[in-house]
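**Student:** when you get a sec, could you give me coordinates for this:
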Amino acid sequence: MAGTRVASAHNAKPIPFDDRFMNNTHNIHDKRLADAWATLQSHSDRGLPLDPDPSRLAFADPEFLLRRETRGIRMQLELMKPDLEQRAHGIENTVVVFGSARFRSEDEAAALVAQAEAAGDTALAERWRRLSRNSHYYEKARTFGKLVAQYSEKKEPQDKLFVCTGGGPGIMQAANRGAHEGGGLSVGLAIALPMEEEANPYVTPALSFKFHYFAIRKMHFMMRAKALVAFPGGFGTLDELFEVITLVQTKKSKPVPIVLFGSDYWKKLIDFDFLVDEGVISPGDVKLFEYVDAPEDAWDAIKRFYKL
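**Tutor:** A predicted model of the protein is given here:
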């Protein structure tokens, strides 16, 4: 009978099927889950290869879940898990900060140069000296993150803005660090890469996520974004920036402030006027973003857009 459960074969009295049974579905200490994962752990401890096993529970079967045929399930899970957790923590509106993972704070950059010089590694010392020229961007991203967090401190939940980054080092760490220093929560959407194994220490632990698929990660950047601030960066930053510009240009996404931080860098890197002259973009497309050089100006651009 729908909505009821039989207590035993000899007792036909129905027991209401209520939320007590459904609540166990997300209890990771539930015995069924514990037994399934304990079996896998025992398998691993004995050094046995993970061969296909029809009797293994599907949801606890890495061999099954990592097949090519189950890619769609993995992508759906990557979309769902961070979404549910952010909802649970009231994260609805984010300011996304992009930028190089290689930049360091001024103090750390100076220490790295000194360390390389002391070791007699001239090539490494020169590399850190070159990167240290951009340390001011780290400090400015840090200040910007703090401005966002301080604005949100006394706002109602629906009006709060939260810093969201790729969760890694460099500019990402700086923005998360500023938000942390400003007393706010911040989100890290990390990607599983050999050079970025762990999220930076300033991401709120409950909001530190890791992705396998770049595409799903970029979807999450945009799902809650109310503004995007791109600091100088390399291929990853350019990929994320042009994804955003394209989505807004093609009206696949609602207009949001797109701020290019570091006017000299961006104007030297990309000649948007040349694209207009060649007819490959429209004159109005260059109005989709604006250049700034100070944290306060980046924050003012966002406030001006939303009349905050």
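**Student:** give the bridge partners for the spatially most central residue of the chain, please.
**Tutor:** Nearest to the mean C-alpha position of the chain, by Cα atoms, centre = their mean, lies residue 189 at 1.8 Å. Counting by DSSP bridges, residue 189 is bridged to residue 209.
**Student:** show me the contacts for it.
**Tutor:** 82, 164, 165, 166, 167, 209, 211, 217, 220, 221 (Cβ atoms under 8 Å, 6 or more residues apart in numbering). Using the backbone N, CA and C atoms, a C-beta is placed for each residue, glycine as well.
**Student:** which ones among those are found in strands?
**Tutor:** Cross-referencing these against strands under DSSP state E gives 164, 165, 209, 211.
**Student:** among those residues, who's most crowded?
**Tutor:** Among the ones in strands among the contacts of residue 189, the one with the most neighbours (other Cβ atoms under 10 Å) is residue 165, at 33 neighbours.
**Student:** was I right to think that residue contacts residue 178?
**Tutor:** No. Assessed by Cβ atoms under 8 Å, residue 165 is found out of contact with residue 178, at 10.4 Å.
**Student:** returning to what we had before: adding pLDDT, write the ones in strands among the contacts of residue 189 out as TSV.
**Tutor:** Compiled in TSV, the ones in strands among the contacts of residue 189 are given as follows (pLDDT from 0 to 100):
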residue	pLDDT
164	98
165	98
209	96
211	95
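**Student:** of those residues, closest to residue 149?
**Tutor:** The shortest approach to residue 149 among the ones in strands among the contacts of residue 189 belongs to residue 164, at 12.0 Å (Cβ to Cβ).
**Student:** my read: that closest one touches residue 97, true?
**Tutor:** Yes. Between residue 164 and residue 97 a contact is recorded at 7.3 Å, counting by Cβ under 8 Å.
**Student:** pull the number of nearby residues for residue 277.
**Tutor:** Using other Cβ under 10 Å, residue 277 is surrounded by 11 other residues.
**Student:** same deal with the one 5 residues further on?
**Tutor:** Residue 282: 12 surrounding residues under other Cβ under 10 Å.
**Student:** so what's it up against?
**Tutor:** Residue 282 makes contact with residue 276, according to Cβ under 8 Å, 6+ apart.
**Student:** phi, psi of it?
**Tutor:** Backbone torsions of residue 282, given as degrees, to the nearest 10, read phi -90, psi 150.
**Student:** distance of it relative to residue 222?
**Tutor:** As judged by Cβ to Cβ, to the nearest Å, residue 282 and residue 222 stand 22 Å apart.
**Student:** check the offset of stretch 111-121 from the chain's centre.
**Tutor:** 33 Å (Cα atoms, centre = their mean, to the nearest Å).
**Student:** quick one: average confidence on it?
**Tutor:** Averaging pLDDT along stretch 111-121 gives 92.
**Student:** with just CA atoms, put that stretch into CSV.
**Tutor:** Extracted in CSV, the C-alpha atoms of stretch 111-121 (Å, rounded to 0.1, in the frame of the first residue of the first chain):
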residue,chain,number,x,y,z
ALA,A,111,61.6,35.8,1.2
LEU,A,112,61.5,33.5,-1.9
VAL,A,113,64.0,35.7,-3.8
ALA,A,114,66.3,35.8,-0.7
GLN,A,115,66.0,32.0,-0.3
ALA,A,116,66.9,31.4,-3.9
GLU,A,117,69.9,33.8,-3.8
ALA,A,118,71.2,32.2,-0.6
ALA,A,119,71.0,28.8,-2.4
GLY,A,120,73.0,30.2,-5.3
ASP,A,121,70.1,29.4,-7.7
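**Student:** contacts for that stretch?
**Tutor:** With contact meaning Cβ under 8 Å, 6+ apart, stretch 111-121 is reached by 104, 122, 124, 125, 127, 128, 129, 132.
**Student:** flag every buried residue along that stretch.
**Tutor:** 112, 113, 116 (16 or more other Cβ atoms under 10 Å).
**Student:** just name the closest of those residues to residue 137, please.
**Tutor:** When those are compared against residue 137 (criterion: Cβ to Cβ), the nearest one is residue 112, at 16.0 Å.
**Student:** how close does the closest one sit to residue 250?
**Tutor:** Distance from residue 112 to residue 250, counting by Cβ to Cβ: 42 Å.
**Student:** mind listing the helices for the stretch 151-300 of the chain?
**Tutor:** Using DSSP state H, counting those that start in this stretch, the helices of the stretch 151-300 of the chain run over 171-181, 214-223, 235-249, 263-269, 272-277, 295-306.
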